[in-house]
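Student: Return atomic coordinates for the entry below.
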Amino acid sequence: MGLSRPSRPVLLTTAATAGALVLTALAPGSATADPTPRPVTREGSPLGSGRAAKAPEAAAERALGSSLAPGLTDDRGRGYPRERKLPAPPENPADKSIKLGLTPYHGIAPKLNELQRVGDRVSVEIAGRSAGGHPLYLVTVTAPESARETARQERMRERIENHPASAAKDKTIKASYKTPVFINNNIHGNEWEGTDAALKLIEKLARAKDRKSRSLLAHNRLYFSVTTNPDGRIAGTRANANGFDLNRDFITASQPEARAVRAIAVAKQPAVMIDLHGYVNGTLIEPTTPPHGENYEYDLFLKNSYANALGMEAAVNGLGYTEEKDGVKPAVIPFRDQEEGWDDWPPVFTPQYMPFHGAVATHTIEFPMQVNNAAYESQPVTELRRRARVNVDIAGAAMRASIAYADRHRGTLIADQIEVFRRGATGAKQVPVSEETVPGVPGIGPEDVYTTEFPRAYVIPGGRGQRSATAAARLVDHLIANDVRVERARHGFRLGGRTYPKGSYVVDMHQPKRGLANVMLADGRDISGKVSTMYDISGWSLGRLWGAGVDTVQAAKKGELERLRTRQVRAAAGAGYVAPRGDLRLRLDDPREIAALNSLLADGVRVRRDRDGGAIVPSSARRAATTAAKKYDVAFDATKAGSRKDGAVLRRTRVAAAVTPGELFALREMDFDVVPVSTAVLNAGFDWQRTDALFVSAGLDHAKLTKAAKAGLDRFLTRGGGLVGRGAAGAALNTATELLAARAVEGNGDANGVVRVANAGGPLTGGAPAHSFVYSPMWFTGLGSGVRVEQRYGVGNPLVSGHWRAMEDGTGGPADAAGRAAVVSGSARGADVVLFGTEPLFRDHPKGLFPQVGRALLSVGRR
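Tutor: Residues are numbered from 1 along each chain as shown. Modelled structure (predicted):
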């Protein structure tokens, strides 16, 4: 390992075996981590609980709406403070915070109103609303500013991002720009204590009279998201009201809370950010173990993050808590103290997303004393409150240390933020980390070096008639919402040896936030050989999984990009279109197209399926098609296929779904009529009369069904009901009900990533992307004569990016999956069946794969 750090044992709080990508639970009554491996936990999966996944019915409508985040615009043109009288929510005696002696959600607004009245330092904005409808409070603590001064600060912020070369020489910025610090609390709802530590610190700063505090607030703006997950805080759940782990959503931004934090990142541009969590004993303080995200300017990031971590470590340990007296172990810095298992590879976590917006010191902080899950139920109230007080103290120490670091080093922090943006804007090479390039950080070795070669540009083909116009528009809007610059061609052009039509989109990678553009659009990397385990996902490419065509321009001829006639866009051009005459064809290659079809079917429009899986809409329904085109931004093209009457008639499919919350959300995004079910729901007596198809991936165990529930399910299937199964649960139900002759083979449960696939075409996979996503991959062998292979894993090594190793016995790796059936279909005992070994709806992320499930449900639904 060369000049490696002192021996770093594998982090015991993260399972390092197959099927364990998540932090393991803490044992009841214990303040330490239980190293026993646990099964894979998917964002609130109901597996084992017997409960049906739930999500509000309105979630689909919100998901199909604008991707732009709410909030943070009402107060433009104003200075600070920005006082806002907050309405107090009704008291809720069931709020789970109360048992811990912490501030219930309904107590936050009155407290913030009180603190706004204390003086002229505290302001409150509404950054957005949670999935459950609760306001998200963003508190700013800073010295008073006139409207003119606030406008001046904003001009400096804008100059730092968009004109970094001149900003680096600007003496005014060096002298008077306020360093932005962002403290994010309670993003996991049942990790409560950061909220209370923040309220204490806000009050202390509001009332402070000493010179040091006045100087601090004159030179810095401190931003606090008091609770980023009020739904979970109230309910005592990790997830929000939609069942999503918000700290896995920052590359997808499917949830309003993640979009609100994204808006804060763009508008406030923090240089330092900490994210308060629990529970790891001793207190875990990032930076992380390898692998490190290859799109960061990691030399600048590591310099500041490690130095700030040392300060937080000293502050936390300086509180005087001990293992013998209090059960509190000394703080741990994974970069220094561990080998692997707590990485910063995926940009799905808040601290791993923030550096792309200029933060040069970001950290997850895990306070030590468990008060959630089993401990919440098993420990006496007095012990829970003791632990919570310890955690509040530790969270407060981390906050104060980070703010002190920002104040002491504000000049270098802002200079480093400017340098991040300068490198992006000029196309400068990254600087590999070493003990020479990052002095003061001991133990840097080759295992810490991750860099990439940024392409010169990306092109997203656009214009009328493009196959993926709807997907392209969604992807472009998503890039823009993330503050990535996108331009649109005024004329046809050639770039990188290819020809593109007018209306195509160009992402010039000489831009300040090139890292964010690349982390979303690039394929990513196969890191299976780098480390033995990963904390969470390892591949996520929007360029491969969101359904839009994305071309990489590795190099361009001199002046080729500059000669393009383009304009920067603030929103994608609409893709909605209806041909003026004749029958219409709606491609079903995008979730919005599936939603548009379901809308037409709900309105009673008679629609047929064509040979490639699209939908033929009669010319008599042109008015309904026009309404759908506008609502869903989809195109209805002219077709002559309507003269053929051999296509199956499509009908509205009513779905019973035993699935994860992310899958339920995606189904509703496609406007399916969905009823969540589970083992418990079926055992309680379920009426199958209004169900056409059953989708199973989690929470339904045939062996645990009562005799009556099994009989009801069997009647549904044998009388024409359809089954779509995904993963182990779906395959197990298929076997238990003796439907398709297909043996499911489970790969390494620890594996995940983007894979190459070969599609058979036809109604299910016609027009599907050549890539898919896996998480605990599966494939099918021993196929019966009536089983059709709809999709196979690519030959050779199908993994494009992510982490997929063989298991210890040498099986379950990508070589075993190569060329094997990934998706199969067929009919048996009167039921149509489709089985997926891939994850087409994972966390509502791989948008371009959703139609595979949508088409499957439309195909198997009983007529």
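
Student: Residue 142 is in contact with residue 80, correct?
Tutor: Yes. Using Cβ atoms under 8 Å, residue 80 is in contact with residue 142, at 5.7 Å. Backbone N, C-alpha and C define where each C-beta goes, glycine included.

Student: Now do the shared contacts for those two.
Tutor: Common neighbours of residue 80 and residue 142, using Cβ atoms under 8 Å, 6 or more residues apart in numbering, are residue 123.

Student: gap between residue 307 and residue 609?
Tutor: Going from residue 307 to residue 609 by Cβ to Cβ, to the nearest Å gives 61 Å.

Student: quick one: the strands in the stretch 101-250 of the chain?
Tutor: 122-129, 135-141, 179-185, 220-225 (DSSP state E, counting those that start in this stretch).

Student: how about CSV for these, with mean neighbour count added?
Tutor: What follows is the strands of the stretch 101-250 of the chain, written out as CSV (neighbours: other Cβ atoms under 10 Å):
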stretch, mean neighbour count
strand 122-129, 22
strand 135-141, 23
strand 179-185, 26
strand 220-225, 25
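
Student: how about these, which one is nearest residue 639?
Tutor: strand 122-129 (41.9 Å; Cβ to Cβ).

Student: hmm, back to that, so for residue 307 and residue 609, which sits in the more crowded spot?
Tutor: residue 609 (20 against 16; other Cβ atoms under 10 Å).

Student: ok, that one touching residue 647?
Tutor: Yes. Residue 609 lies in contact with residue 647 (Cβ under 8 Å); the separation is 4.8 Å.

Student: Check the contact lists of the two and give me the overlap.
Tutor: Common neighbours of residue 609 and residue 647 (Cβ under 8 Å, 6+ apart) are residue 616.

Student: Give me the phi and psi for the spatially closest residue to residue 860 that is not a sequence neighbour.
Tutor: In space, and not counting its chain neighbours, residue 860 is closest to residue 722: 2.6 Å by Cβ to Cβ, 6 or more residues apart in numbering. Main-chain dihedrals, residue 722, degrees, to the nearest 10: phi -100, psi 160.

Student: residue contacts, residue 722?
Tutor: By Cβ under 8 Å, 6+ apart, residue 722 lies in contact with 692-694, 831-834, 857, 859-862.

Student: let's go with 7 Å and repeat that
Tutor: 692-693, 831-832, 860-862 (Cβ atoms under 7 Å, 6 or more residues apart in numbering).

Student: gap between it and residue 821?
Tutor: Distance from residue 722 to residue 821, by Cβ to Cβ: 19 Å.

Student: likewise residue 270?
Tutor: From residue 270 over to residue 821 the distance is 48 Å, taken as Cβ to Cβ.

Student: More neighbours: which of those two?
Tutor: Shown here are residue 270 and residue 821; by other Cβ under 10 Å, residue 270 has more neighbours (27 against 23).

Student: my guess is the more buried one is in a helix, correct?
Tutor: No. Counting by DSSP: H, G, I helix; E, B strand; the rest coil, residue 270 is not found in a helix; it is coil.

Student: Give the phi and psi angles for it, as a check.
Tutor: phi -60, psi 150.

Student: List the contacts of the residue nearest to it when sequence neighbours are not counted.
Tutor: Closest residue in space to residue 270, ignoring its immediate chain neighbours: residue 182 at 3.8 Å, by Cβ to Cβ, 6+ apart. By Cβ under 7 Å, 6+ apart, the residues touching residue 182 are 223, 264, 268, 270, 273.

Student: Just the pLDDT for residue 182.
Tutor: As predicted, residue 182 sits at a pLDDT of 98.

Student: Okay, and the beta partners of it?
Tutor: Here residue 182 sits in beta bridges with residue 223, residue 273, going by DSSP bridges.

Student: Now do residue 838 against residue 345, distance only.
Tutor: In terms of Cβ to Cβ, residue 838 sits 21 Å off from residue 345.

Student: Among the two, which residue is more densely surrounded?
Tutor: Using other Cβ under 10 Å, the more surrounded residue of residue 838 and residue 345 is residue 345, with 28 against 24.

Student: sorry, back to before: got the contacts of residue 182 as TSV, with pLDDT and distance to residue 669 columns?
Tutor: Shown next, in TSV, are the contacts of residue 182 (pLDDT from 0 to 100; distance: Cβ to Cβ, whole Å):
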residue	pLDDT	distance to residue 669
223	98	31
264	98	25
268	98	29
270	98	31
273	98	30
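
Student: and of those, the nearest to residue 358?
Tutor: For the contacts of residue 182, the minimum distance to residue 358 (Cβ to Cβ) is 7.5 Å, reached by residue 270.

Student: hang on, isn't that closest one packed against residue 183?
Tutor: No. With contact defined as Cβ atoms under 7 Å, residue 270 does not count as touching residue 183 (9.1 Å).

Student: so what's in contact with these two at the same time?
Tutor: Joint contacts of residue 270 and residue 183 (Cβ under 7 Å, 6+ apart) are residue 223.
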